[in-house]
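Participant: fold the following, please.
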Amino acid sequence: MTIVTLLVSATQLAGILVTVTVAANAFSFSRYRKKNLLPLRSPIDESADILASFNVDAEGEDEFFFGLATAPAHVEDRLNDAWLQFAEDEPRKKSYKEVLEPADALMGAAAGDGGSQQAPLPSNEVNKTKKKRKPVKLSIEAMIRGFQKYIEVDEGEEVSGENEVPTENEEVHHKVTAWHNVPHPEERLRFWSDPDIELKLAKDTGVSVFRLGIDWSRIMPAEPVNGLKETVNFAALERYKWIINRVRSYGMKVMLTLFHHSLPAWAGEYGGWKLEKTIDYFMDFTSTSTKSKVGVAHHVSFMRPYGLFDVTAVTLANTLTTFPYVDSISDRLDFIGINYYGQEVVSGPGLKLVETDEYSESGRGVYPDGLFRVLHQFHERYKHLNLPFIITENGVSDETDLIRRPYVIEHLLAVYAAMITGVPVIGYLFWTISDNWEWADGYGPKFGLVAVDRANNLARIPRPSYHLFTKVVTTGKVTREDRARAWSELQLAAKQKKTRPFYRAVNKHGLMYAGGLDEPTQRPYIQRDWRFGHYQMEGLQDPLSRLSRCILRPFSIIKKREPQKDDAELVVQPLQFSI
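Facilitator: Reported below is the predicted structural model:
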């Protein structure tokens, strides 16, 4: 009887705990939804011929500029940086049983469009025989944070060197995907030896700003233990000065990035940013630049939960990553830069690939509304500082160019909508000019307005989006006609069930891995209206939430929306953001 009583009590207690947990998560989601997921009403008159007009010819406070962005690790040849060393390491045999730590997902943080919190790869079943651990090299971003990773081999098994070359036809695992299987990967885009190709392409779009970076390891090829004079490569410094002047000769201003995931290999070897001396070395490195307006390019994604129990993870991720860093330096900034690529749907330990959402080739959900929301959130938090905003990066990986054209249009509409509702945005830089090396994803995802034929001496082929971007930049206007044309072409491809490349690995549960693919899978275009002001959030997709909707649906009174044309004017409704 006592045992039965205990079982009943335990069951009741478990029921209470489950009820409380579900209720707490439901309440948390209700607050999160009210703050972040309510339908967005566009302040733009969609019936007008001109949907957005940027003051590209104005001067002073009303001036708005367009630009193009790139980074040294993406485009510079003759650069023996940590990324090249990381990519050129001989591959490991894939038959090794690896124990993958959460650190494996950290490489994604460096990628502009790749997920920064992807799911870790699943480990193999543990062999019953006794194993011994052998350390292997980590990604740069994980290595400098002090993480360790090991492979397990049977005790007594001969362990060959880490750089052993695999035999012919043996399956291998490269640290950088889509790199070893492309022609001349180490040449990148020859921006160091021949920058004029990229600069002319940029100039011909009409942009007034060109964003480029300085590679730290090129200026300081060795640890400056004996001072700057003995360490600084003054020839490289002069070359950078020449390139900067070359940009100006094309009539463009320079936005200079001093750190773009370019930690020197010598710094990574001793622990990188974990040690204070790295900060001192970086201050020495930046002393070689001239004084100018200084800001930070902050990478921001719009995160939302997949299921009821993912709200806490989203809230925690936003709390840890969205504002703390900018808060600590905001009073020293002249502007705040926002890097925005799309949304991330959080599910358990990783990011969910939602079948009904459109994604870039590298796994970033396409969501223009998120840029509008992010800009308003940042403006509300920092408006007391009167800081302007610059979209320092915005772009999409899309080899077919069918997604990129409406992507450009809709995100510019999001920027314009933010501007006319009070956010001081003064510039927009698109990522990027030509297809280039995308961090650990190699040359797989195609971000460029211009395609690159790597088998034909890096020949450049402008895509249709290049010409569309040029039209917007030179006129300063986004028209209803251009919007309709770009969108209709994408929807036609979706209706015809056409497919396009997708470079993110996905497991059977729909979670995306941090690593990319040497060869892409094919994913269909999605028939979903993700245009600015049109995206409708789906409900939570966990089993409990779906069951609840199913039960409550017959008792709900559903108001049917009246049919309206695509060009019908939307009602202006101010949004309220609380931080």
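
Participant: checking the nearest residue to residue 454 once chain neighbours are set aside next. Helix, strand or coil?
Facilitator: Spatially, and ignoring its direct neighbours in sequence, residue 454 is nearest to residue 183 (4.6 Å; Cβ to Cβ, 6 or more residues apart in numbering). Where you see a C-beta, it was placed from the backbone N, CA and C, and this is true even at glycine. Three-state call for residue 183 (DSSP: H, G, I helix; E, B strand; the rest coil): coil.

Participant: just to be sure, residue 516 is in a strand?
Facilitator: Yes. Counting by three-state DSSP, residue 516 is located in a strand.

Participant: for it, give the beta-bridge partners.
Facilitator: Residue 516 has the following beta-bridge partners by DSSP bridges: residue 504.

Participant: now for it: which residues touch it?
Facilitator: Going by Cβ atoms under 8 Å, 6 or more residues apart in numbering, residue 516 touches 114, 177-178, 362, 440-442, 444-445, 503-505.

Participant: kindly recompute the last result at 10 Å.
Facilitator: Residue 516 sits next to 107-108, 111, 114, 174, 176-179, 361-363, 438-442, 444-445, 503-505 when contact means Cβ atoms under 10 Å, 6 or more residues apart in numbering.

Participant: can you give me the strands in the stretch 101-250 of the chain?
Facilitator: For the stretch 101-250 of the chain, the strands defined by DSSP state E, counting those that start in this stretch cover 131-135, 150-154, 172-173, 209-213.

Participant: likewise the stretch 401-550 of the chain?
Facilitator: Under DSSP E, counting those that start in this stretch, the stretch 401-550 of the chain gives strands at 425-431, 450-453, 459-462, 477-479, 499-506, 511-524.

Participant: how big is the angle separating the first one from strand 209-213?
Facilitator: So that's strand 425-431. For strand 425-431 against strand 209-213, the angle by axes from the mean of the first three to the mean of the last three Cα atoms, to 10 degrees is 60 degrees.

Participant: which secondary structure elements does strand 425-431 contact?
Facilitator: Applying 3 or more Cβ pairs under 10 Å, 6 or more residues apart in numbering; DSSP states H and E, we find strand 425-431 packed against strand 65-69, strand 209-213, strand 335-339, strand 389-393, helix 404-420, helix 464-475.

Participant: how about these, which one is nearest residue 244?
Facilitator: Ranking those by proximity to residue 244 (Cβ to Cβ) places strand 209-213 first, at 7.8 Å.

Participant: okay, that closest one in PDB with CA atoms only?
Facilitator: The C-alpha trace of strand 209-213 is given here as PDB (Å, rounded to 0.1, in the frame of the first residue of the first chain):
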ATOM      1  CA  VAL A 209      31.700  53.700 -50.500                       C
ATOM      2  CA  PHE A 210      34.000  50.600 -50.700                       C
ATOM      3  CA  ARG A 211      34.500  48.600 -47.600                       C
ATOM      4  CA  LEU A 212      37.700  46.600 -47.400                       C
ATOM      5  CA  GLY A 213      39.800  45.200 -44.600                       C
END
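
Participant: tell me the most buried of the strands of the stretch 401-550 of the chain?
Facilitator: Counting by mean count of other Cβ atoms under 10 Å, strand 425-431 has the highest mean neighbour count of the strands of the stretch 401-550 of the chain, with a mean of 23.

Participant: quick check: angle from that one to helix 464-475?
Facilitator: Going by the same axes, to 10 degrees, strand 425-431 makes 160 degrees with helix 464-475.

Participant: now find how far off-centre strand 425-431 is within its chain.
Facilitator: Distance of strand 425-431 from the chain centroid (Cα atoms, centre = their mean, to the nearest Å) equals 16 Å.

Participant: thinking residue 422 is in contact with residue 376, fair?
Facilitator: Yes. With contact defined as Cβ atoms under 10 Å, residue 422 reaches residue 376; the gap is 8.1 Å.

Participant: please indicate which of the contacts of residue 516 are buried?
Facilitator: With burial judged by 16 or more other Cβ atoms under 10 Å, the buried subset of the contacts of residue 516 is 107-108, 111, 114, 174, 176-179, 361-363, 438-442, 444-445, 503-505.
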